[in-house]
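> 3D, please:
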Amino acid sequence: MSMPMALKFGLMRSSFERKPRSLFGYSLFFFVSSSASRLSSARNSFIVPSRLNDYLRSIDAWNEEQILNRAIQLAEKARKVWRAPKLSAEVLAKYQKSETKETSIYTIDDHEFLKDEMLDLFNILRKRILNIDSSVREEFKKLYIAYKSSTNFVDIVPQKSKLRLSLNIDFDQIHDPYGLSKDVSGKGRWGNGDVEVNIHNTADLDKVMDLIQQAFDAQTENI
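Next up is the predicted model:
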């Protein structure tokens, strides 16, 4: 003679009320508790879901093995009943984060110190840099202007009375007979590179261009 269904649910509740031993145990405990409550209220109205409880009618014992088997069956039934919702693209779009990042575009007008004499000096210098090679590109950043081929080889930081250049080359590789360069490795600076050069006017333009050429050559040699 099979065990009464209500008694089986009662045993299930009592076994888990003592001490659920894992997250799985807690989950099953709450499911069993909820099911037992529904069974109690539905017993007199004849709405017990018979197919859901077919497994309970087929066993004569209630032990750990049966509990695990029952849990697997319930999980499979739940997977079929509570399927993932099918939502339109319009609905999904409301909850999805945009993967498009806004990119700020800077121009020469964003650099407040590029005016009058400094602007004239910058235009002369930029033309010389761009003529180094056809691969050289110019990119205006928020705080400096980058010149690159495969990567940055010189960055210009406009300042009130000078243009500060960052050369992307190791300081011990630079050949600077006029002592225009300074080692800034390990120091916080805008721009890329360990070598800093300042230019105030066109008097040292040729000397500075020789240093810039060395930085360009060092980058292209590493390709």
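> Residue 205 against residue 128, yeah?
Yes - judged on CB atoms under 8 Å, residue 205 makes contact with residue 128 at a distance of 7.2 Å. For glycine as for every other residue, the C-beta is placed from the backbone atoms N, C-alpha and C.
> For this protein, which segments are assigned as helices?
Counting by DSSP state H, the chain has helices at residues 5-18, 23-42, 54-57, 64-81, 89-93, 116-130, 205-221.
> Residues contacting the fifth one, please?
What it means is helix 89-93. Where contact means CB atoms under 8 Å, 6 or more residues apart in numbering, no residue beyond helix 89-93 reaches it.
> Any idea how far it is from the middle of the chain?
22 Å (CA atoms, centre = their mean, to the nearest Å).
> Now do the same for it: mean pLDDT, whole number.
If you average the pLDDT over helix 89-93, you get 77.
> Buried ones in that helix, by neighbour count?
Within helix 89-93, no residue is scored as buried using 16 or more other CB atoms under 10 Å.
> Same check on the last one?
Neighbour counts using 16+ other CB under 10 Å place 208-209, 211-216, 218-219 of helix 205-221 among the buried residues.
> Just give the number of residues close to the nearest residue to residue 122 once chain neighbours are set aside.
Using CB to CB, 6 or more residues apart in numbering and skipping the chain neighbours, the partner closest in space to residue 122 is residue 114 (5.5 Å). Using other CB atoms under 10 Å, the number of residues around residue 114 comes to 18.
> Look up how far residue 121 lies from residue 114.
Distance, residue 114 to residue 121, by CB to CB, to the nearest Å: 9 Å.
> ditto for residue 83
Noted for residue 83: a distance of 69 Å to residue 121, by CB to CB.
> what about the closest residue in space to residue 145 that isn't next to it in sequence, neighbour count?
Among residues not flanking residue 145 along the chain, residue 156 sits closest, at 4.7 Å (CB to CB, 6+ apart). By the criterion of other CB under 10 Å, residue 156 has 24 neighbours.
> got the contact list for residue 156?
By CB under 8 Å, 6+ apart, the contact set of residue 156 is 122, 125-126, 144-145, 147, 163-165, 191.
> Now render those residues as CSV, adding pLDDT, neighbour count and distance to residue 179.
Shown next, in CSV, are the contacts of residue 156 (pLDDT from 0 to 100; neighbours: other CB atoms under 10 Å; distance: CB to CB, whole Å):
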residue, pLDDT, neighbour count, distance to residue 179
122, 97, 20, 23
125, 97, 22, 20
126, 97, 16, 25
144, 94, 22, 24
145, 95, 23, 25
147, 96, 23, 23
163, 96, 22, 18
164, 95, 18, 16
165, 96, 26, 15
191, 66, 21, 20
